[in-house]
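[1] Kindly return the folded structure for what I paste below:
(2 chains)
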Amino acid sequence: MGEVIVITSGKGGVGKTTTTANIGTGLALAGRKAVLIDTDIGLRNLDVVMGLENRIVYDLVDVVDGVCRVKQALIKDKRYDGLYLLPAAQTRDKSAVTPEQMINLINELKSEFDYIIIDCPAGIEQGFKNAIAGADKAIVVTTPEVSAVRDADRIVGLLEANELRNPKLLINRVRVDMVKRGDMMSIDDIIDILAIDLIGVVPDDEKIVISTNRGEPAVTDDKSLAGQAYRNVTKRLQGEDVPIMNLESEDGLIFKFKKLLGFKTT
Amino acid sequence: MLIDFSKIFGRSKPSKDVAKERLQLVLIHDRANVSPEFLDMIKGEIIKVIQHYMEIDEGALDIQLTRTKSDDGDRVVPALIANIPIRNVRNAGK
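    Numbering: from 1, shown residues only, chains lettered A, B, ... in the order given. A predicted model of the protein is given here:
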């Protein structure tokens, strides 16, 4: 049976969709069969981040309304074996789907896939309730900013209230230079406040913008630091014990050399 | 030897510490959905009870709602944490 993981955050723009795309692609690269579901109805974006926007025929609302079968709506990513996307509808709103319909859909997909990754919309209303309805696990994405951490805290509380125990934290867009000079909360500061387990730390990396421009998740880029961080997250999801990347050496000369020469940096 | 000028001239503390403190304060209310008045009421009652047994530093008493891991480590549970500095233990009760 497949594992269902919801990627959520409360606040918008912290990197839920990017995280979903990278984790899903990372799992496919590791030989797992994964389906990504975009539940942000009316504001779909996972399709463009994945570079699959031109291949949409049916969407999530079509599936739950019975307009088509699930398999007809799934877009197969031809670049990575075992990777599929179920896009959100763009011309409807979040009330077009109910939590019960989500649970039924997920149950149907569970037998087919190793992982079902759900991209949750921002906010705590209907869309959030739909996204978490059928999930076994939750990853809470935040950035080292007061607004994002505050919203993450609220989400952790709501997940607990909905019996989604032990959510994992992903801290995105960390800038080591700012942490060093005391102008950005550190990993420890954020864990201190949220009191949940860490699943990954992703550095602020231009490559994310570049890869999103091209519709190719950064996890496929060997030279991207954020890509490496996401590769580590996918390993941890599969039960591997990978230490958190040491970002301290990021701006060091030796590190740059290693990167230049294509050495793996962990 | 390097001299930390910021310390000498008493420059303001790092902005991340300000962020952390502000967050911790705002989360007290977010988490419990309680007003500062409610916490003040609890604080008053605690002071009253404890004063029967020991002399405490009322001004330094700190009480906050936070979160902690449950005993089985599987869940996050709300916790009321009180930091109560004791000045003197009364022996009258002995």
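[2] in chain A, what residue is nearest chain B?
    A:Gly182 (2.9 Å; Cβ to the nearest Cβ). Yep, even glycine has a C-beta here, placed from its N, CA and C like the rest.
[3] Find the closest residue to chain A in chain B.
    For chain B, Cβ to the nearest Cβ, closest residue to chain A: B:Pro14, 2.9 Å.
[4] Could you give the number of residues near that residue?
    15 (other Cβ atoms under 10 Å in any protein chain shown).
[5] remind me which residues of chain B are low pLDDT?
    In the predicted model of chain B, residues B:1-11, B:33-36, B:73-76, B:91-94 satisfy pLDDT under 70.
[6] interface residues of it facing chain A?
    B:14-17, B:19-20, B:22-24, B:26-27, B:30-31, B:66-69, B:74-76 (Cβ under 8 Å from any Cβ of the partner chain).
[7] Now, those that are in helices?
    Taking DSSP state H as the definition of helices, the residues of chain B next to chain A contribute B:15-17, B:19-20, B:22-24, B:26-27, B:30-31.
[8] so A:Ser186 sits right up against A:Lys180, yeah?
    No. Between A:Ser186 and A:Lys180 there is no contact under Cβ atoms under 8 Å: 9.3 Å.
[9] more crowded one of these two?
    Between A:Ser186 and A:Lys180, A:Ser186 has the larger neighbour count (other Cβ under 10 Å), namely 18 against 13.
[10] Give the closest residue to A:Glu100 in space, chain neighbours not counted.
    Closest residue in space to A:Glu100, ignoring its immediate chain neighbours: A:Ala133 at 7.5 Å, by Cβ to Cβ, 6 or more residues apart in numbering or on different chains.
[11] A:Lys110 too?
    A:Gly2 (4.5 Å).
[12] from what I can see that neighbour touches A:Ser111, true?
    Yes. When contacts are counted by Cβ under 8 Å, A:Gly2 is listed as touching A:Ser111 (7.4 Å).
[13] Looking only at neighbour counts, state which of those two leads.
    Taking neighbours as other Cβ under 10 Å, A:Gly2 and A:Ser111 compare with A:Gly2 leading, 19 against 8.
[14] Now that one: phi and psi?
    Backbone geometry at A:Gly2, expressed as degrees, to the nearest 10, gives phi -70, psi 160.
[15] what's the pLDDT at it?
    Looking at A:Gly2, its pLDDT stands at 95.
[16] still on that earlier bit, isn't the residue of chain B closest to chain A right up against A:Met185?
    No. Look at B:Pro14 against A:Met185 with Cβ under 8 Å: they stay out of range, at 9.8 Å.
[17] Now for A:Thr39, how many residues are close by?
    27.
[18] Over to the nearest residue to it once chain neighbours are set aside. Which of the three states is it?
    Distance criterion Cβ to Cβ, 6+ apart; nearest residue to A:Thr39, sequence neighbours excluded, is A:Ala131 at 4.4 Å. The three-state label given to A:Ala131 by DSSP: H, G, I helix; E, B strand; the rest coil is helix.
[19] What count of nearby residues applies to A:Ala131?
    The burial count for A:Ala131: 26, using other Cβ under 10 Å.
[20] Likewise for A:Glu112?
    A:Glu112, neighbours per other Cβ under 10 Å, totals 14.
[21] same deal with A:Ser9?
    26.
[22] Which pLDDT value goes with it?
    For A:Ser9, pLDDT reads 97.
[23] quick one: contacts for the residue lying closest to it once chain neighbours are set aside?
    Spatial nearest neighbour of A:Ser9, excluding adjacent residues (Cβ to Cβ, 6+ apart): A:Val141 at 4.3 Å. Residues near A:Val141 by Cβ atoms under 8 Å, 6 or more residues apart in numbering or on different chains: A:7-9, A:14-16, A:19, A:152, A:170, A:172.
[24] A:Asp65 too?
    A:Ala96 are the contacts of A:Asp65 under Cβ under 8 Å, 6+ apart.
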